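Novice: Predicted model follows, preceded by the sequence.
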Amino acid sequence: RASAPEEGSRSRFSPADLGMLLVALTWGANYTLIKVALDVLDPLIFNAVRMLLAMATIWVAARLLHTDLRVDRGDIWKLTLLGLLGNTGYQMFFIHGIDRTTASKTSVMLATSPVMVTVLASLLGIEKVGRWAWLGIAGCVAGIYFLVTGRGEQVAFGAAHLTGDVLVLCGVFMWALFTLGSKVFIRRYSPMTVTFHTMLLGSWPLVLFALPRVATQAWEPVGWQAMGAAVVSGVLAIGVSYIIWNYGVKHLGASRTAVYV
């Protein structure tokens, strides 16, 4: 079991901050990798493959680090609900959203995550938000506004990608709820334990949804690039990054962690 977490965020740069910088780098590359894979692979199949790889990665990491993955029975249904938010809900909205819009616009919309997390944390009384954080939110919103109202075709919003844009934003809301909900359990269990159970309990619908698509998928065009993207996305962008994300929530707080998006 994990020790009691440190309350609030630290003012100085810490190992958790370094980990979150690595997550930001990984997720930044992940958008392009996913677009490459979705050119030839069904979104549901791609999602199922990378979630299975992510669970295997976390299980192996837990074994190597001798992490206790046990949780109280009374917490299983709560972790299931959290997993359905952060894995089933977020991943379904995200993968269908990015399939219908551009990678650049997806990254911009996910940049609203710290705004949503911080506002919800403040409204729900989960974290105290200071004036510098609100100033940061204002800067984030202003930056996004200038991006989407500029002349860049890859990030400007319009009718062509409206469905994909809305789906991604719904995914951002799911991720914000998942991030805040994780705080409760990270106080009691290790970040790896919370990551493993929320993924295990929340990913099975993704696999079930993908099974009927296996028979209709055209496998001839699926080359090493698409499968390589699935491996990197599953192992690094989900498996490793989710562990680091929950570690960040534990040591930095939800709002500061979300800023790294």
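Specialist: Arrived safely, thanks for sending.
Novice: Name the helix or strand for residue 108, please.
Specialist: Counting by DSSP states H and E, the element that carries residue 108 is helix 103-110.
Novice: Pull that helix out as PDB, backbone CA atoms only.
Specialist: C-alpha atoms of helix 103-110 as PDB (Å, rounded to 0.1, in the frame of the first residue of the first chain):
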ATOM      1  CA  ALA A 103      -3.900  15.400 -35.100                       C
ATOM      2  CA  SER A 104      -3.100  19.100 -34.600                       C
ATOM      3  CA  LYS A 105      -6.700  20.000 -33.600                       C
ATOM      4  CA  THR A 106      -6.800  17.000 -31.300                       C
ATOM      5  CA  SER A 107      -3.700  18.200 -29.500                       C
ATOM      6  CA  VAL A 108      -5.100  21.700 -29.200                       C
ATOM      7  CA  MET A 109      -8.400  20.500 -27.700                       C
ATOM      8  CA  LEU A 110      -6.600  18.200 -25.200                       C
END
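Novice: Just checking, which helix or strand succeeds it along the chain?
Specialist: As the chain continues past helix 103-110, the following element, by DSSP H and E, is helix 113-123.
Novice: what does the average pLDDT come to for stretch 89-101?
Specialist: Regarding stretch 89-101, the rounded mean pLDDT is 87.
Novice: Restricting to C-alpha, output the helix or strand harbouring residue 242 in PDB.
Specialist: Assigned by DSSP H and E, residue 242 belongs to helix 241-252. These are the backbone C-alpha positions of helix 241-252, laid out as PDB (Å, rounded to 0.1, in the frame of the first residue of the first chain):
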ATOM      1  CA  SER A 241       2.400   7.200 -19.200                       C
ATOM      2  CA  TYR A 242      -0.700   6.300 -17.200                       C
ATOM      3  CA  ILE A 243       1.500   5.200 -14.300                       C
ATOM      4  CA  ILE A 244       3.500   8.400 -14.400                       C
ATOM      5  CA  TRP A 245       0.200  10.400 -14.700                       C
ATOM      6  CA  ASN A 246      -1.200   8.900 -11.500                       C
ATOM      7  CA  TYR A 247       2.200   9.400  -9.800                       C
ATOM      8  CA  GLY A 248       2.000  13.100 -10.800                       C
ATOM      9  CA  VAL A 249      -1.600  13.400  -9.400                       C
ATOM     10  CA  LYS A 250      -0.300  11.900  -6.200                       C
ATOM     11  CA  HIS A 251       2.700  14.200  -5.700                       C
ATOM     12  CA  LEU A 252       1.800  17.300  -7.700                       C
END
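Novice: I'd guessed residue 176 sits against residue 113; true?
Specialist: Yes. Taking Cβ atoms under 8 Å as the definition, residue 176 is a contact partner of residue 113 at 6.3 Å. Placement of C-beta: from N, CA and C, glycine included.
Novice: Now do the shared contacts for those two.
Specialist: Counting by Cβ atoms under 8 Å, 6 or more residues apart in numbering, the shared contacts of residue 176 and residue 113 are residue 258.
Novice: the helices in the stretch 101-250 of the chain, which residues?
Specialist: 103-110, 113-123, 131-148, 162-186, 191-216, 224-232, 241-252 (DSSP state H, counting those that start in this stretch).
Novice: so which of the ones you listed comes closest to residue 65?
Specialist: helix 191-216 (7.3 Å; Cβ to Cβ).
Novice: what angle separates the closest one from helix 162-186?
Specialist: Here the directions of helix 191-216 and helix 162-186 differ by 150 degrees (axes from the mean of the first three to the mean of the last three Cα atoms, to 10 degrees).
Novice: Buried residues, helix 191-216. List them.
Specialist: Going by neighbour count (16 or more other Cβ atoms under 10 Å), the buried part of helix 191-216 is 191-207, 209-210.
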